[in-house]
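Q: this one's sequence-less:
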């Protein structure tokens, strides 16, 4: 069945923190039970954690891009994604024939787009003449299209400074936000459906969807659909995944037992006049039951990514820990099995920031859930 890209209704175009998802109809469950009910009956999960409010979805592909003069430039066709670094590198726009160029694919930096909620479009501050000069992307030769020098040229054309190192470049030690190498850039529609496993060749399932924040250029998480009749969907941070050597699958450095502790994602198909809806579990801590705040600046995002990556690199059991950075201040929340794990995660965060800006709210011991 053909997959369609969706985003939360109004969220992206309102300019707030937003999610999007590749969504297909929810699987049919025997006996007329809903997925939510079936999940509570799945093995090892008698008391699932509470889910947040359901979020409405609307069609994402083909959202129109206009300039500030109201002229149509084209429509979104796909996204170029650096999954390992958790970034949306470019928005792939199929141009409008009215520009006189015929249809071609143009790469636009996500931060160059601004939301116009009243008209349900994105705005790009560029004339049709400048947009017409943008290099065409040949999707049949995608590996060549992902080269950092080509991507950097597209960023500059639309007035954006590349956040990554170009071919042959070196990072400056004096920059407040040093540039990093550009990871492997893949099209989002090629990531959906990829198998997901671990380094021990255990299979977890396949990529069912992704949650994205396009105006901020961020990939929030990857949703993995497990095999079998239960159709369980698990939420995994994008930066926790890596491509296998042949780039036809994703790897998670986790055992099956650790993977089972990932939060769950539920999707309800549109029916009886109601739109499709989604629910996503979130980790909760002793101070609050809402998600951590995460700053949108590159510096805040980079710090959170670095801490998460260092936790995994040091083989600390931090699967139930959330990290959020806003205005340079880091908050750690969730739970771990031992006091030593809490201490080590705190030290990792302090090493990436400093002691005075790290708030370690992690608790020791698995929280008791009520029926």
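A: Perfect, I can see it now. Computed from a prediction, not measured in an experiment: that's the story for all the values here.
Q: When you work out contacts or count neighbours from here on, use the C-alpha atoms and nothing else.
A: Will do.
Q: Which segments of this protein make up each domain?
A: Using automatic domain parsing, the domain ranges for the chain come out as 1-282, 298-364.
Q: least reliable of these going by mean pLDDT?
A: Within the domains of the chain, confidence is poorest for domain 1-282, with a mean of 72 (mean pLDDT).
Q: which residues in the protein form helices?
A: 35-40, 128-132, 142-145, 148-157, 188-191, 256-259, 298-313, 339-352 (DSSP state H).
Q: Can you list the residue ranges for strands in the stretch 51-200 of the chain?
A: Along the stretch 51-200 of the chain, the stretches classed as strands by DSSP state E, counting those that start in this stretch are 55-59, 64-67, 72-82, 87-95, 105-108, 113-116, 121-124, 164-165, 180-181, 186-187, 195-197.
Q: which of those sits most buried?
A: Neighbour counts (mean count of other C-alpha atoms under 10 Å) averaged over each of the strands of the stretch 51-200 of the chain peak at strand 87-95, with a mean of 26.
Q: Can you list the helices and strands that that strand packs against?
A: With contacts taken as 3 or more C-alpha pairs under 8 Å, 6 or more residues apart in numbering; DSSP states H and E, strand 87-95 sits against strand 72-82, strand 105-108, strand 218-225.
Q: Make CSV from the ones you listed and add distance to residue 232 to it.
A: Output for these, formatted as CSV (distance: least, C-alpha to C-alpha, whole Å):
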stretch, distance to residue 232
strand 72-82, 25
strand 105-108, 35
strand 218-225, 6
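Q: closest one to residue 65 among these?
A: For the helices and strands packed on strand 87-95, the distance to residue 65 is smallest for strand 72-82, at 5.4 Å, taking C-alpha to C-alpha.
Q: Compute the inter-axis angle for the closest one and strand 87-95.
A: Calculated by axes from the mean of the first three to the mean of the last three C-alpha atoms, to 10 degrees, strand 72-82 forms an angle of 150 degrees with strand 87-95.
Q: Hey, what's the angle from strand 72-82 to strand 218-225? Just curious.
A: Relative orientation of strand 72-82 versus strand 218-225 (the same axes, to 10 degrees): 70 degrees.
Q: where exactly do the strands run in the stretch 251-371 of the chain?
A: Counting by DSSP E, counting those that start in this stretch, one finds strands in the stretch 251-371 of the chain at the ranges 265-268, 277-280, 321-326, 329-336, 358-360, 363-364.
Q: Nearest approach to residue 247 belongs to which of the helices of the chain?
A: Comparing the helices of the chain by their distance to residue 247 (C-alpha to C-alpha), the top pick is helix 188-191, with 9.7 Å.
Q: What lies in contact with the closest one?
A: By C-alpha atoms under 8 Å, 6 or more residues apart in numbering, the residues outside helix 188-191 that reach it are 78, 79, 80, 81, 207.
Q: buried sites along that helix?
A: Buried residues in helix 188-191, counted by 16 or more other C-alpha atoms under 10 Å: 188, 189, 191.
Q: Same check on stretch 130-141?
A: Neighbour-count burial for stretch 130-141 flags 131, 132, 134, 137 (criterion: 16+ other C-alpha under 10 Å).
Q: Likewise for stretch 157-164?
A: 157, 158, 160, 162, 163, 164.
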